[in-house]
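**Q** Structural data only, the sequence is not supplied:
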């Protein structure tokens, strides 16, 4: 992101090939500029786990996650909250209307062959 224009050009070329793009760790560091984000052909924003971790106990993190979720609604991006470890965090994300969540609350990391078994579990109530 030191060369924003060059990066945007590369992302546009990848998008033209049909590749869907995501920005991870959004909200952290220098790649979180809203003006640059609007120019990028990005499909998904992944909110960093540092904000999700204290979502229920830290009003500042709740506000940051709420702002990120609301900000990404305008361009029509999907939002993924990373690092969900509890039902309480998931419920807060539902209140905020976050599109998706991932984390150990759902499953520990799995090899590719283990994913099918996850979907075959009888209890998919999460």
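**A** Perfect, I can see it now. Everything quoted here is computed from the prediction, not taken from an experiment.
**Q** In the chain, where is pLDDT below threshold?
**A** Counting by pLDDT under 70, the chain shows low-confidence ranges at 1, 27, 29-34, 74-75, 121-126.
**Q** what about the strands in it?
**A** For the chain, strands defined by DSSP state E occupy the ranges 22-26, 44-47, 78-82, 100-102.
**Q** Quick one: residues contacting the residue nearest to the spatial centre of the chain.
**A** The residue lying closest to the centre of the chain (C-alpha atoms, centre = their mean) is residue 46, at 2.0 Å. Counting by C-beta atoms under 8 Å, 6 or more residues apart in numbering, residue 46 touches 22, 23, 24, 25, 26, 79, 80, 81, 82. C-betas here are computed from N, CA, C, even on glycine.
**Q** Name the member of these with the most neighbours.
**A** In terms of neighbours by other C-beta atoms under 10 Å, these top out with residue 81 at 27 neighbours.
**Q** isn't that residue right up against residue 53?
**A** No - between residue 81 and residue 53 there is no contact under C-beta atoms under 8 Å: 10.4 Å.
**Q** And for residue 24, nearest residue in space, chain neighbours not counted?
**A** In this structure, residue 24 finds its nearest non-sequential neighbour in residue 46, 4.5 Å apart by C-beta to C-beta, 6 or more residues apart in numbering.
**Q** could I get the strands of the chain as CSV with distance to residue 35?
**A** Listed next are the strands of the chain as CSV, based on distance: least, C-beta to C-beta, whole Å:
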stretch, distance to residue 35
strand 22-26, 14
strand 44-47, 15
strand 78-82, 19
strand 100-102, 25
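**Q** Please, where are all the helices along this structure?
**A** 4-16, 34-39, 49-53, 59-73, 87-95, 112-119 (DSSP state H).
**Q** Could you pull out the buried residues of the fourth one?
**A** By neighbour count, and taking 16 or more other C-beta atoms under 10 Å as the criterion, the buried residues in helix 59-73 are 61, 62, 64, 65, 66, 68, 69, 72.
**Q** what do you get for the shortest one?
**A** Residues of helix 49-53 classed as buried by neighbour count (16+ other C-beta under 10 Å): 49, 51, 52, 53.
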